[in-house]
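A.B. asks: Give the three-dimensional model of this entry:
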Amino acid sequence: MKQRTIRSKIKLYSITVMAVVLVLSAIMTGIYSRSANRTRIVAELERIANQKNLEFQANLNSQIILALQMAKSPVVVDYFLDPKDDDLFEQAKKEIAAYQESFLGRTSFWINAKDLKFYSDLNYSYTLDPSNPDDYWWNMTMKETEVYNFNINYNKELGKTMLWLNVVVRDTKDNAIGIVGTGIPITEFVNDMYKNLPAGINMYLYNNSLEVTGAKDQKILAEKHSITEFLPGLDNDKALTDQMISFTKKGEYVINPIKVIGWNLVLFVPAQFSDNFSGDVFLFGLILDIVCLIIIVIFTVILYNLMNRTTEHLDTTKEKASVQVDLMDQVNATITENVDYLEQFGNLIEHQINQISTSTENTNDLMNDLEAMNILRKDSIDSTNDLADSSRTGNEHISNITAKIGEMSECTNRLTSANNLIASITSKTNLLAMNASIEASHAGEQGKGFAVVAKEIRALAEKSRAQQQDVSRAIADINAMVKDMVSYSETAKASFDQIVANTERVQDNFQNMSNKLESEASLVQTISANLQNVSNSNQKINLSFAEMKQSNKLVSKEISKAVESSDALLVVTDELLKKIRGEDKE
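C.D. replies: Okay, the predicted model is just below:
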């Protein structure tokens with residue numbers, strides 16, 4: 001299998017870097033180009049939105065001014081105050097007809113609050129019913145509007161949908177007495193707004209209920225579609241705003257409120273892939289890509305020249321390294337022989353040291369055993385001393401217990417005497433109660449109370465006798481236990497006397513053994529000290545030879561490493577030269 005040469009690898013890497021740079025540059029250029037185009041598109045949409053808003057309001061302002069003047073006309077106000085006066089009706093009709101000719105739609109209407117008759121284009125149409133949902137605009141205008149408002153609906157009389165301007169007519173006390181207005185042809189307004197609209201821009205008008213009120217396709221207005229059906233990117237939070245906003249969602253949106261009628265103007269440009277690769281930013285990115293490619297090519301040429309010089313230096317290094325490898329092989333062979341001789345002599349000394357160390361360890365073990373026996377001996381002496389002291393103390397306590405038991409025996413004897421006295425008193429009390437009962441029976445009715453007392457005394461005597469018997473039994477038990485305790489105390493005292501005698505004999509034996517252990521420990525310590533001196537001398541000699549052997553091994557090891565490094569360097573240099581020169585290697 002043929003391996004790639006370094007030149008071919010550099011060529012491959014250069015092509016890869018070029019491709020990566022091109023891709024990254026294209027992505028970055030596309031991102032910046034898209035951002036720049038978006039800024040440009042949004043600025044253009046905002047300019048168009050402001051322009052269309054101004055055009056729409058300029059057309060409306062002229063109609064609003066005419067309608068306000070018509071509502072403030074004294075002739076119209078007088079007629080609204082007295083609609084049944086025919087003269088005032090004719091004068092007002094002529095006044096309104098003059099204004100009608102000035103309106104864009106050439107139409108006008110009015111309705112009086114007193115008779116609720118609706119007149120359209122100077123002719124009576126119908127009488128308004130405020131409760132009718134179709135006439136919602138009447139209540140909205142009369143009750144909620146200060147000056148004027150707008151609404152869009154279909155006029156049956158004219159047969160078309162228009163933007164209706166409703167102006168409130170007020171008397172001198174500022175009370176609403178009726179409505180006058182005109183119908184503005186919204187179709188013409190919207191068509192005028194679309195005339196100069198650049199291609200590719202979608203524009204819609206919609207009210208606060210999100211119903212489309214202006215579109216290029218007029219059929220949309222009659223069907224009252226929601227603006228979200230045509231621009232799904234809009235939602236309630238963004239669609240209804242009191243100031244111009246812009247945002248991006250599958251395209252660029254700009255929303256500008258037309259505050260004079262409560263509508264909103266939205267402009268939308270869908271996103272296009274070509275927007276990512278157009279404009280000055282894209283041209284700048286393209287130039288940057290070309291510059292990067294030129295730099296990579298120059299770098300590749302410089303790298304090829306550098307490789308040629310490196311090849312020449314590697315050839316020279318290879319020749320010098322071969323000479324040094326031969327010399328280091330000879331030095332390494334000599335040092336290896338010296339290390340073998342030193343290792344044999346060191347093994348002999350090490351064997352002697354091991355034997356001396358073994359003897360030293362045995363003597364140390366003997367000393368440790370003697371020391372342990374001496375410690376045990378001291379502990380045994382201390383234990384026997386403590387045992388003797390404890391035995392004497394126990395003997396004294398037994399004597400004290402015996403004395404206390406004698407005192408307890410005397411107490412029980414006194415209790416026996418007292419119990420006998422209680423038994424005599426109980427017997428006499430019982431006899432006295434019996435005699436009292438007899439005397440009470442002889443006394444008849446006068447002795448009944450005394451008989452009750454005699455009965456209670458007798459019962460008390462019976463209880464005392466029972467308690468006296470229990471006390472007698474308890475005292476008998478106590479006397480028996482006292483006799484047993486006296487017997488046990490005498491036995492324990494004899495045992496403690498024997499323990500004291502045996503402890504004194506053990507103390508004498510331990511003292512003799514201690515003297516012999518101290519003599520043996522002194523002799524073993526002298527032997528251990530002599531062995532330690534011999535071991536220290538041999539260790540110093542062995543340490544010197546070990547240092548010499550280690551030094552020679554380190555030198556040999558370093559030389560071996562140098563030889564290996566030189567061999568590896570020669571191999572790497574040879575492979576590198578082959579790769580650079582383009583030679584194939586199986």
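A.B. asks: what sits up against stretch 49-59?
C.D. replies: Counting contacts by Cβ atoms under 8 Å, 6 or more residues apart in numbering, the residues outside stretch 49-59 that touch it are 104, 189, 192-193, 203, 244, 254-256, 258, 260, 265, 267. Using the backbone N, CA and C atoms, a C-beta is placed for each residue, glycine as well.
A.B. asks: and which of those is nearest Lys117?
C.D. replies: Looking at those and their distance to Lys117, the nearest is Leu104, at 25.4 Å (Cβ to Cβ).
A.B. asks: show me the contacts for that closest one.
C.D. replies: 59, 63, 184-185, 188.
A.B. asks: Would you convert these into TSV that also reports distance to Lys557, pLDDT and neighbour count?
C.D. replies: Listed next are these as TSV, based on distance: Cβ to Cβ, whole Å; pLDDT from 0 to 100; neighbours: other Cβ atoms under 10 Å:
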residue	distance to Lys557	pLDDT	neighbour count
Asn59	102	77	16
Gln63	108	88	19
Ile184	106	84	24
Pro185	107	79	18
Glu188	105	72	12
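A.B. asks: Which pair of those residues spans the longest distance?
C.D. replies: In the contacts of Leu104, the most distant members under the criterion Cβ to Cβ are Gln63 and Glu188, with 11.9 Å between them.
A.B. asks: Help me confirm that Ile152 is found in a strand?
C.D. replies: Yes. Residue assignment for Ile152, taken from DSSP: H, G, I helix; E, B strand; the rest coil, places it within a strand.
A.B. asks: Near it, how many other residues are there?
C.D. replies: Taking other Cβ atoms under 10 Å as the neighbour definition, Ile152 ends up with a count of 19.
A.B. asks: Pull up the gap between the nearest residue to it once chain neighbours are set aside and Glu144, please.
C.D. replies: The shortest distance from Ile152 to any non-neighbouring residue, by Cβ to Cβ, 6 or more residues apart in numbering, is to Leu163 (5.5 Å). Going from Leu163 to Glu144 by Cβ to Cβ, to the nearest Å gives 19 Å.
A.B. asks: isn't there a helix covering the residue nearest to Ile152?
C.D. replies: No. Read with three-state DSSP, Leu163 is strand and lies in no helix.
A.B. asks: Inside helices: which ones of the contacts of Leu104?
C.D. replies: With DSSP state H as the criterion, helices contain 59, 63, 188 from among the contacts of Leu104.
A.B. asks: wouldn't the second one be in contact with Ile184 here?
C.D. replies: Yes. Contact between Gln63 and Ile184 holds when scored by Cβ atoms under 8 Å: they sit 5.6 Å apart.
A.B. asks: list residues touching both of the two?
C.D. replies: With Cβ under 8 Å, 6+ apart as the test, Gln63 and Ile184 both reach 103-104, 165.
A.B. asks: Between the residues you listed, which sits nearest Ala466?
C.D. replies: Distance to Ala466 across those (Cβ to Cβ) is lowest for Leu165, with 126.5 Å.
A.B. asks: Nearest to Asn149, out of the contacts of stretch 49-59: which one, please.
C.D. replies: Taking Cβ to Cβ as the measure, Val260 is the one of those closest to Asn149, at 10.4 Å.
A.B. asks: could you list every residue that touches the closest one?
C.D. replies: Contacts for Val260 were tallied using Cβ under 8 Å, 6+ apart; they are 57, 60-61, 64.
A.B. asks: re the thing from before, would you turn the ones in helices among the contacts of Leu104 into JSON lines with distance to Ser35?
C.D. replies: Written out in JSON lines, the entries for the ones in helices among the contacts of Leu104 read as follows (distance: Cβ to Cβ, whole Å):
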{"residue": "Asn59", "distance to Ser35": "37"}
{"residue": "Gln63", "distance to Ser35": "43"}
{"residue": "Glu188", "distance to Ser35": "39"}
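A.B. asks: circling back to that earlier point, would you turn the contacts of Val260 into JSON lines with distance to Leu234?
C.D. replies: Converted to JSON lines, the contacts of Val260 look like this (distance: Cβ to Cβ, whole Å):
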{"residue": "Gln57", "distance to Leu234": "23"}
{"residue": "Leu60", "distance to Leu234": "24"}
{"residue": "Asn61", "distance to Leu234": "28"}
{"residue": "Ile64", "distance to Leu234": "29"}
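A.B. asks: Weed out the non-buried ones from the residues you listed.
C.D. replies: Neighbour-count burial (16 or more other Cβ atoms under 10 Å) is assigned, among those, to 60, 64.
A.B. asks: For Thr107, which three-state class applies?
C.D. replies: Three-state call for Thr107 (three-state DSSP): coil.
A.B. asks: That one contacts Asp121, doesn't it?
C.D. replies: Yes. Applying Cβ under 8 Å, one finds Thr107 in contact with Asp121, separated by 5.5 Å.
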